[in-house]
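Q: Build the 3D model from these lines:
(chains A and B)
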Number of protein chains: 2
Amino acid sequence: MPADSLSSALLPAGLHDVLPPEAAHEAAAVARLLADFTAHGYERVEPPLVEFEDNLLSGSGAAMAKQTFRLMDPLSQRMMAVRADITPQIVRIATTRLKNGARPVRLCYAGPVLRVKGSQLRPERQITQVGVELIGPLEAEADAEVILLAAHALEGVGVRHLSVDLCVPTMVARVCRGLGLGEEETARLREALDKKDAAAVSAVGGPAASLLQTLMAASGPAERAMEVLSALPLPETAEKDRRRLTDALRLLRAARPDLTITVDLVEHRGFEYQTGLSFTLFARDVRGELGAGGRYRAGVRPGVEEEGEPGTGFTLYMDTLLRAVPAPEPAKRVYVPHGTSWAAAGKLRAEGWITVAGLAPVADAAAEARRLDCGHRLDGGTVTPLT
Amino acid sequence: MPADSLSSALLPAGLHDVLPPEAAHEAAAVARLLADFTAHGYERVEPPLVEFEDNLLSGSGAAMAKQTFRLMDPLSQRMMAVRADITPQIVRIATTRLKNGARPVRLCYAGPVLRVKGSQLRPERQITQVGVELIGPLEAEADAEVILLAAHALEGVGVRHLSVDLCVPTMVARVCRGLGLGEEETARLREALDKKDAAAVSAVGGPAASLLQTLMAASGPAERAMEVLSALPLPETAEKDRRRLTDALRLLRAARPDLTITVDLVEHRGFEYQTGLSFTLFARDVRGELGAGGRYRAGVRPGVEEEGEPGTGFTLYMDTLLRAVPAPEPAKRVYVPHGTSWAAAGKLRAEGWITVAGLAPVADAAAEARRLDCGHRLDGGTVTPLT
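A: Predicted structure coming up:
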């Protein structure tokens, strides 16, 4: 049902009412995703919508500071913040409330986040995030597990032509460090790589130019990229990143030889807080990312990188995801005329019907059924299709 | 897992992390409630967490003004409010976006609300509300439908010893008006009735004293209350309320002769925005209301009572509700050792197991399974219980 202009004006930009049947469709998809996470041993947690600002925006939460609404708490007289991202909350739970629990910790979540401004790619200011965090293990098996889980869950809700784009956002910096580049040169190089500008990479790359151009050119289908990468004379500083990519890909391929996997060897944007193997999830012909994830250190104070536990996970964005999921079957609605017993209608519901009760007698039951968007009506005890 | 004192201090008072297994338990209960609403023809809608203040707090929303957090919207430079109640949003959707849709409109919802302060009975400041609204019909059949639905849905998630307390919050005022009492006298009488103070009712009741004392004393099990009510010489102004109560109870009894129903003939508190038959849902031995609902006028501007469409519905409070629901069965977790194929673990999940993967080889698989809270482990291709 299209919103008229009056209705649109009722809500702030970037905020929407989700109407029938979309709201039920979204809820069903969220429930199926979480059921799949649960089957893989991920346990649900539900942090609150608001927290103290200084907790919510510490560590990796700081990335969202400009996108976060603040509220004054009259009880504590302290500033609170409305979450703009759920991941920092899950990490907080794992490293505080569950800090004495067995490792690895597997947690999953679903819920709304609120952002001060939308972006061009995502104008919505309220987004439903659904995801998992796996905290504790260092092994490549952990990277493979969350990527396989993301793929399985997405395909389970009907996403087709899924593609997983792997990257190691730390690699370029490590290559540059290994080849003796300074911070300023690395930053300039990074900018050139972000623009995929081979000429600029050559101009500012110094001793790293040739290597980085090769990495940039090799990005694409996973097997080809890894073939190039494995033959490259990488500095020792980047060896760990190459090994992790190789190990994770081997595990992914063992489980899912059919999965479309690409590798971007110079990707960095959007992964500023990631510390190792990361990934983005796409569906062919669907605009925007379905989700993203990767390695981080959990429970790290700003500037103290050695701290914290290794973690990985991913977040799915329901707005994009729903564009990649087929529309649901129309509901099986049966009109149940006035005077039908509660038990008789209950029997139909138990058979899977949606019953729509007539609250008063009507002259033309078929017309009334049609008016109420029912494809069937109960007529003399029998479910009859409308003709 | 009990929160330690450090963790408790992390969150503002009245806000909580819901941890395993409670978060999954709550989500499952919400999903079952909504599935039942859907089976009865109620379609899900999902309004946003925040709206413009002047919209959200108009009409019945005004009741929550003091309990509502405000945010400045930098885009529109207007004040927004975080919802403290979902019902006004559903009514807004029905009367604006869906105003041209067929009547009755049946809508359902679930989601969090945020409140500035908790109350003694409900210290939580974030609450999950789940409910339905039925907008359009005047008939007693509509009152009966939503009450029967509330009872069915609550029993469906495992609530036992449910009790429905009916009231007609307009009745006392209509009796007083019919007997010629002024506004001030009515208010004093109301206060006495709220305290169930028979002596005060007698002292300030004037010509209504005897009638109201009888109504107060008759409150209790539905059939007895209705027997008293039907024999009373009510003024014409209150006749409509008596008839509605009689009709609704007849419909409820036809469907559910077994349901515990009580009637409070003088109840008023908490129903200031209700315009007719209302109800509260309790479970024996469970502190607080599971939910409440009743009649209102939808789309009414303040002070214009003739406006708007008739509506009824109810809201369930998940915090109270979960106290009335049995704890879930422990999950069937099986430890799947390192090296188990993706396909083999998937087969176990398809059989209903929760698989917990070992991410590295271990010397003692049984000890590892136990450490990871699994009751079983996969051993040589066979699921084996831990001894």
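Q: where's A:Gln274, which helix or strand?
A: If you go by DSSP states H and E, A:Gln274 is not part of any helix or strand.
Q: so where do the helices sit in the stretch 251-387 of chain A?
A: Under the criterion DSSP state H, counting those that start in this stretch, helices of the stretch 251-387 of chain A are mapped to A:318-323, A:342-350, A:365-371.
Q: How about the first one and chain B, touching?
A: No - Helix A:318-323 lies out of reach of chain B by C-beta under 8 Å from any C-beta of the partner chain, never closer than 10.5 Å. For every residue, glycine as well, the C-beta is placed using N, CA and C.
Q: Of the helices of the stretch 251-387 of chain A, flag the one that's most buried.
A: helix A:318-323 (a mean of 20; mean count of other C-beta atoms under 10 Å in any protein chain shown).
Q: now for that one, which elements pack on it?
A: Counting contacts by 3 or more C-beta pairs under 8 Å, 6 or more residues apart in numbering or on different chains; DSSP states H and E, helix A:318-323 is packed against helix A:22-39, strand A:126-135.
Q: what about the spatially most central residue of chain A, distance to chain B?
A: Residue closest to the average C-alpha location in chain A (C-alpha atoms, centre = their mean): A:Leu316, at 1.4 Å. According to C-beta to the nearest C-beta, to the nearest Å, A:Leu316 stands 16 Å off from chain B.
Q: Quick check: that residue touching A:Ala150?
A: Yes - counting by C-beta atoms under 8 Å, A:Leu316 does reach A:Ala150; the two are 7.3 Å apart.
Q: Give me the common contacts of those two.
A: A:281, A:291 (C-beta atoms under 8 Å, 6 or more residues apart in numbering or on different chains).
Q: What residues does the stretch 51-200 of chain A have near chain B?
A: A:51-52, A:55, A:69, A:71, A:73-76, A:78, A:80, A:82, A:89, A:92-93, A:96-98, A:101-102, A:104, A:106-107, A:110-112, A:114, A:116-117, A:126, A:137, A:139, A:141-142, A:145, A:148.
Q: What's the local residue count around the closest residue to A:Ala144 other than its chain neighbours?
A: Spatial nearest neighbour of A:Ala144, chain neighbours left out: A:Leu251 (3.7 Å); criterion: C-beta to C-beta, 6 or more residues apart in numbering or on different chains. Other residues within reach of A:Leu251, judged by other C-beta atoms under 10 Å in any protein chain shown, total 20.
Q: Which element, helix or strand, includes the residue of the stretch 101-250 of chain A found nearest chain B?
A: Proximity of the stretch 101-250 of chain A to chain B (C-beta to the nearest C-beta) peaks at A:Glu141, 4.1 Å away. Using DSSP H and E, A:Glu141 sits in helix A:140-156.
Q: what sits against A:Ala94?
A: A:Ala94 makes contacts with A:105, A:107, A:133, A:135, A:298-299, A:309, A:311, as judged by C-beta under 8 Å, 6+ apart.
Q: Could you identify the most distant pair in the residues you listed?
A: Using C-beta to C-beta, those span at most 13.8 Å, a distance reached by A:Leu107 and A:Gly299.
Q: Neighbour count: the two, which is higher?
A: Legend: neighbour count by other C-beta under 10 Å for A:Leu107 and A:Gly299, higher for A:Leu107 (24 against 18).
Q: ok, back up a step: show me which positions of the helix holding A:Glu141 end up buried.
A: Residues of helix A:140-156 classed as buried: A:140-155 (neighbour count, 16 or more other C-beta atoms under 10 Å in any protein chain shown).
Q: Next, format the helices and strands packed on helix A:318-323 as JSON lines and append mean neighbour count and mean pLDDT.
A: Shown next, in JSON lines, are the helices and strands packed on helix A:318-323 (neighbours: other C-beta atoms under 10 Å in any protein chain shown; pLDDT from 0 to 100):
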{"stretch": "helix A:22-39", "mean neighbour count": "20", "mean pLDDT": "97"}
{"stretch": "strand A:126-135", "mean neighbour count": "25", "mean pLDDT": "98"}
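Q: mind putting these in a markdown table, distance to A:Val228 included?
A: Shown next, in a markdown table, are these (distance: least, C-beta to C-beta, whole Å):
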| stretch | distance to A:Val228 |
| --- | --- |
| helix A:22-39 | 34 |
| strand A:126-135 | 30 |
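Q: Which one, of these, ends up nearest to B:Val228?
A: Closest approach to B:Val228 among the helices and strands packed on helix A:318-323 is made by helix A:22-39 (44.6 Å; C-beta to C-beta).
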